[in-house]
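[1] Curious how this folds, go ahead:
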Amino acid sequence: MAEVQVQEKGDKGGKVRSKKQSTRVDMTPMVDLGFLLITFFMFTTTFSKPNVMDLGLPAKPKENQKAPDTEIKLSNSVSILIGKDNRVFWHQQDNTSLTDANLNETTFDREGIRKVIQQAKANAADQSKFTVIIKPTDDAVYKNFVDILDEMAITKSEQYGVTDVKPWEKAVYDRKVAGAATPAPATTN
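    Just a heads-up that it's a prediction; the model follows:
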């Protein structure tokens, strides 16, 4: 605890002055209190829980079971390419008909990619089998990928897949990125 130490000097003649007292504060109780507070706050604080998105993956087929048909018709799907610099492109074409003109660019807002997904779903031949194919490029940012997954939840698109960009799509994408500098408004075919 706090102590008061008094220093006494020899008797000297002359004026009597009040003696200066030096004080010394013991910091041990303060350190104990600090550790108690740290311990209290560590035990009472709730740690931030990581945000996790549930992904429903198909079950692995058994050995004697035939693998399901994974072919997706173009009329029941839309392909989304996530590019660099927060750019997103979409198309509903195959490798023979995809060109710079029909690889459409849109934005990540509600008037952009959300409207594209909703319109493609409304125009699908079989809406129960409508599938969104997400294809992030090597230059894509993780945040944009999460934004697209959020759009899947918002538009209630339960069937979607993530795959690599095909070489024929990559060639058209590279030409499109090299030729255009600004995003265009969303349009549908």
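
[2] Can you list the buried residues in the lengthiest helix in the chain?
    Determined from DSSP state H, the single longest helix within the chain is helix 28-44. Buried residues in helix 28-44, counted by 16 or more other C-beta atoms under 10 Å: none are found. Yep, even glycine has a C-beta here, placed from its N, CA and C like the rest.

[3] Give me the sheet partners of whichever helix or strand comes after that helix and which way each runs.
    Using DSSP states H and E, the helix or strand that directly follows helix 28-44 along the chain is strand 77-82. Strand 77-82 has the following strand partners under DSSP bridges: strand 88-91 (antiparallel), strand 131-136 (parallel).

[4] Could I get the average pLDDT for strand 77-82?
    Per-residue pLDDT over strand 77-82 has a mean of 89.

[5] Flag the shaky bits of this structure, pLDDT-wise.
    Applying pLDDT under 70 to the chain flags the ranges 1-14, 16, 53, 55-58, 67-70, 180-189.

[6] how close does the residue sitting nearest the centre point of it get to Thr99?
    For the chain, Lys143 is the residue whose C-alpha lies nearest the centre (C-alpha atoms, centre = their mean; 4.2 Å). Distance, Lys143 to Thr99, by C-beta to C-beta, to the nearest Å: 29 Å.

[7] same question, Arg175
    Arg175 is 9 Å from Thr99, by C-beta to C-beta.

[8] Phe89 too?
    12 Å.

[9] Those two - which one has more neighbours?
    Phe89 (23 against 12; other C-beta atoms under 10 Å).

[10] Spell out which residues sit in contact with that one, please.
    By C-beta atoms under 8 Å, 6 or more residues apart in numbering, the residues touching Phe89 are Ile80, Leu81, Gly83, Leu103, Asn104, Glu105, Thr106, Tyr173, Lys176.

[11] let's go with 6 Å and repeat that
    Contact partners of Phe89, counting by C-beta atoms under 6 Å, 6 or more residues apart in numbering, are Leu81, Leu103, Glu105.

[12] ok, now Arg110?
    Residues near Arg110 by C-beta under 6 Å, 6+ apart: none.

[13] State the distance from it to Thr155.
    Arg110 sits 10 Å away from Thr155, going by C-beta to C-beta.
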